[in-house]
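**Q** structure here, sequence nowhere to be found:
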Ligand SMILES: C[S@@+](CC[C@H](N)C(=O)[O-])C[C@H]1O[C@@H](n2cnc3c(N)ncnc32)[C@H](O)[C@@H]1O
């Protein structure tokens, strides 16, 4: 298992750039002086919270879970980068060695990204043969305690990450109780943070707190970048690390929920029934740490804010982890409005195919690498038609699913499973009775469940077919050409490929799975059975399909090949915006994204520079 953030394969390839990366967008702004804005009052059964978001402040301390008491309350701010630390880091960003204009935003390249940004010290031996060490992120004024056998904090030497201070601070999000007395996990999607927000929450709401957007966040952009406060190799070491956490951090970590606590009998309710192991099991992200000597270890990391993200089967965010800077990044999966809940998917990335009706859970872990993702390149198509089996009436999805076209052993991302399988998986693996908006549907609405299941099944199938070379035969049966095939074969009508990909995009949007496919298969949260992705899951690394972006790429290229300036520009602009937002991610993929954005900008200016401009139109004489 290797923890690196996704580096989506790009359709629109650009020349390699040797420049060190790091960028500051024009929207970057310095954090305003922090004002406390929330007013928390608590009576015996309810909590009232008021947030005036237009004062641009940090959230009030989340008050732990409404249903549980805590050792004490301190502000979450105490554990987060202070305003002055942020100021320092922004100063650093501004004094970067050289900068230049790119599109409408300021890009800053760093001259020496290798300077270690952290120092460390040992806190002495504690857990059996492991030591607890401190890693200090100097630029952020934040510490992380590390207890990993065979990997010293010193050997991690995280590189500085190049996020702006805006996304290290919590200016984009607020942590609030989720739902109301009767609504369980219903999110307050409808409120506007321009007005004071008042939410009334009954004690005992299952899922306690959640993370919400405080402002509009465009698809693909970084919602939050965060460093861990503790990393353990084994949840059983958590106790030793908890003891050494700085008090304000420890209080916040102890406020995180422990799903195992409810199984503890004979103890007083509340924090005292929680255990450090239980807190780690419930909230830790599975990441991989890599030393500067190349050793890698699967670990569990606690992040104070991101650990508050609830699960959704149509998540509004995707989590990626960059091992070189030890940074967890949440990217917007769609365009977010103020008040939208920031959710991620806890679902394991792969499961055996439940596209095939005969396969039922529990599934076995993948034993061989999954399908690789075929990517298109804007090279001149070599050829002539390779599709020989296209028919005027392709088989229906149902007939394909019930036939033996899909091998039983096929792995599909679990997010495409039908509702009952996802729920079972979440319950078995994470002990969660999923109440996200895609699952919490009354039985009276069986038809909408059925419809959603069908859409996911179809998306799963297309995902498989479009990303796997070994399923070419099936792809041909479905009469879906690749871009190259479409270019080279006039039997495919000019808009046929655009129609297929537009439909898939719409289906993704409906199910809340826009950029989801970009999610790093190796970042997960919560309980780990160890069976779904672990060190043996090495083969998963290549699973990178691009979802929305992949469809947008194909549509954009089709318009280009048809010489349709308006359509081409419209789609190139959309792709450019998402790639630009993603380049702010600050991980290994940023430089690549900047390269794409530059090429896309050129094509926006002069569509004729697109290598296949009008190629199909010329060929067919229209
Ligand atoms: C990492 S925590 C998420 C933040 C948590 N709500 C809190 O108050 O801090 C994970 C826990 O949240 C709850 N949870 C998250 N997503 C859920 C969902 N879709 N349905 C039900 N419970 C969920 C479960 O209790 C789960 O163990």
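**A** Alright, I've got the coordinates. Source: prediction; values computed, not measured.

**Q** and the strands in the stretch 151-300 of the chain?
**A** Ranges of strands within the stretch 151-300 of the chain are 173-177, 197-202, 209-213, 222-226, 230-232, 285-290, 296-302, based on DSSP state E, counting those that start in this stretch.

**Q** which parts of stretch 499-507 are buried?
**A** 500, 501, 504, 505, 507 (16 or more other CB atoms under 10 Å). The way it works is simple: take the backbone N, C-alpha and C, and place the C-beta from them, glycine included.

**Q** what about stretch 425-439, near the ligand?
**A** Yes - counting by CB under 6 Å from any ligand atom, the ligand has neighbours in stretch 425-439: 432, 433, 434, 435, 436.

**Q** end-to-end on that stretch?
**A** End-to-end distance for stretch 425-439: 13 Å, by CA to CA, to the nearest Å.

**Q** could I get the residues of stretch 425-439 next to the ligand as CSV with secondary structure?
**A** Conversion of the residues of stretch 425-439 next to the ligand to CSV gives the following (DSSP: H, G, I helix; E, B strand; the rest coil):
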residue, secondary structure
432, coil
433, coil
434, coil
435, coil
436, coil
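
**Q** low-confidence bits of the stretch 51-200 of the chain, can you list those?
**A** By pLDDT under 70, the weakly predicted segments of the stretch 51-200 of the chain are 51-129, 160-166, 179-200.

**Q** if we use 80, what do you get?
**A** 51-130, 138-140, 150, 152, 154, 156-171, 176-200 (pLDDT under 80).

**Q** how about residue 238, what does it touch?
**A** Going by CB atoms under 8 Å, 6 or more residues apart in numbering, residue 238 touches 230, 232, 275, 276, 277, 279, 280.

**Q** for these, give me a markdown table that also has pLDDT.
**A** Converted to a markdown table, the contacts of residue 238 look like this (pLDDT from 0 to 100):
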| residue | pLDDT |
| --- | --- |
| 230 | 95 |
| 232 | 93 |
| 275 | 91 |
| 276 | 93 |
| 277 | 92 |
| 279 | 92 |
| 280 | 92 |
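
**Q** what's the most distant pair in those?
**A** For the contacts of residue 238, the maximum inter-member distance is 14.6 Å, found between 230 and 275 (CB to CB).

**Q** so for the two, which residue has more residues nearby?
**A** Taking other CB atoms under 10 Å, residue 230 and residue 275 do not tie; residue 230 has more neighbours (28 against 18).

**Q** wait, what's in contact with that one?
**A** Counting by CB under 8 Å, 6+ apart, residue 230 has contacts 144, 145, 146, 147, 238, 241, 242, 245, 253, 301, 302.

**Q** so which of these are also by the ligand?
**A** Filtering these for proximity to the ligand by CB under 6 Å from any ligand atom leaves nothing.

**Q** inside helices: which ones of those residues?
**A** 238, 241, 242, 253 (DSSP state H).

**Q** so what's the spatially closest residue to the third one that is not a sequence neighbour up against?
**A** What sits nearest to residue 242 in space, not counting adjacent residues and going by CB to CB, 6 or more residues apart in numbering, is residue 276, at 4.4 Å. Taking CB under 8 Å, 6+ apart as the definition of contact, the neighbours of residue 276 are 238, 239, 241, 242.

**Q** want to throw the residues you listed into JSON lines with pLDDT?
**A** Output for those, formatted as JSON lines (pLDDT from 0 to 100):
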{"residue": "238", "pLDDT": "92"}
{"residue": "239", "pLDDT": "90"}
{"residue": "241", "pLDDT": "92"}
{"residue": "242", "pLDDT": "92"}
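
**Q** any idea which of those is closest to residue 605?
**A** Minimum distance to residue 605 across the contacts of residue 276 is 53.3 Å, recorded for residue 241 (CB to CB).
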